[in-house]
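Enquirer: Need coordinates for the following:
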Amino acid sequence: MKMRGKFIAGAAMVMMLGVSACSNTQPSEPPITITVMPTPQTTSVQPTQTTSEPASPSETTQVTNCSSETGQWNTEPDSTDVRQGFGEVLDVRTARHECFDRVVIETTTLDEVGFQVQYVPQVTREGSGEPVPVPGAAVLQVTVDTWGYNFTRCQVAAGWESLRDVQCAGTHEGQTAFALGVSARKPFAVYHLPNPNKGTMRVVIDIAH
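Expert: Alright, predicted model coming up:
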């Protein structure tokens, strides 16, 4: 009977130790569940909110009405009554705008400079008469009544919608000529644009798209 009591007591002791052992392992379980909880936070890094989308039709169609700006231009020759040979050609620049391409001939004078602009089959070099080839289906000859002997930048490539190239065509007897290669016989406008800060006068040629 004593052995049976010891066995029962020993079994009870083992069960108590087992329970205590199980209770000691419980505190280690919560970290396992905590490490799994941050996974829902990964849904906030989805790229769908940051990728760019094509512009809406209302944004892409908000452009300048070119007909209101270039609708009065034509392809007929244009010139001024001014005939001056003062100053020299200082610079030739090109620029592309939304409705037209631009050529700026800047001269070293604040006086208006005479100009003649017209479509021609071929521009020839001042003095020698040699042809000045330029790319494009049409050629605009621009002549300004000022000297250009000290101007050396004799080619300004453009390659835009209307303006393709600008070539010097020489200077002779107070006139300097340029050949403008144009994609087609496009309407154009010519006007003076003074720059009082620099003391220069610009002859501007705008060629419609």
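Enquirer: who does residue 144 bridge with?
Expert: Counting by DSSP bridges, residue 144 is bridged to residue 115, residue 176.
Enquirer: Quick check, it in contact with residue 205.
Expert: No - if you go by Cβ atoms under 8 Å, residue 144 and residue 205 don't touch, sitting 10.2 Å apart. All C-beta atoms are positioned from the backbone trio N, CA, C, and that covers glycine.
Enquirer: now the strands: where do they sit in the protein?
Expert: For the chain, the strands defined by DSSP state E cover 78-79, 89-96, 100-107, 115-120, 138-144, 155-157, 163-172, 175-182, 188-195, 200-208.
Enquirer: Name the residues of the third one that come out as buried.
Expert: Judged by neighbour count (16 or more other Cβ atoms under 10 Å), strand 100-107 contains these buried residues: 100, 101, 102, 103, 104, 105, 106, 107.
Enquirer: Now do the contacts for the residue lying closest to residue 102 once chain neighbours are set aside.
Expert: Among residues not flanking residue 102 along the chain, residue 95 sits closest, at 4.5 Å (Cβ to Cβ, 6 or more residues apart in numbering). Shown in contact with residue 95 (Cβ atoms under 8 Å, 6 or more residues apart in numbering): 101, 102, 104.
Enquirer: Likewise for residue 126?
Expert: For residue 126, the contacting residues are 169, 170, 171, 172, 175, 176, 177, by Cβ under 8 Å, 6+ apart.
Enquirer: do that again at 6 Å, thanks
Expert: 169, 170, 171, 172, 177 (Cβ atoms under 6 Å, 6 or more residues apart in numbering).
Enquirer: gap between it and residue 97?
Expert: 29 Å (Cβ to Cβ, to the nearest Å).
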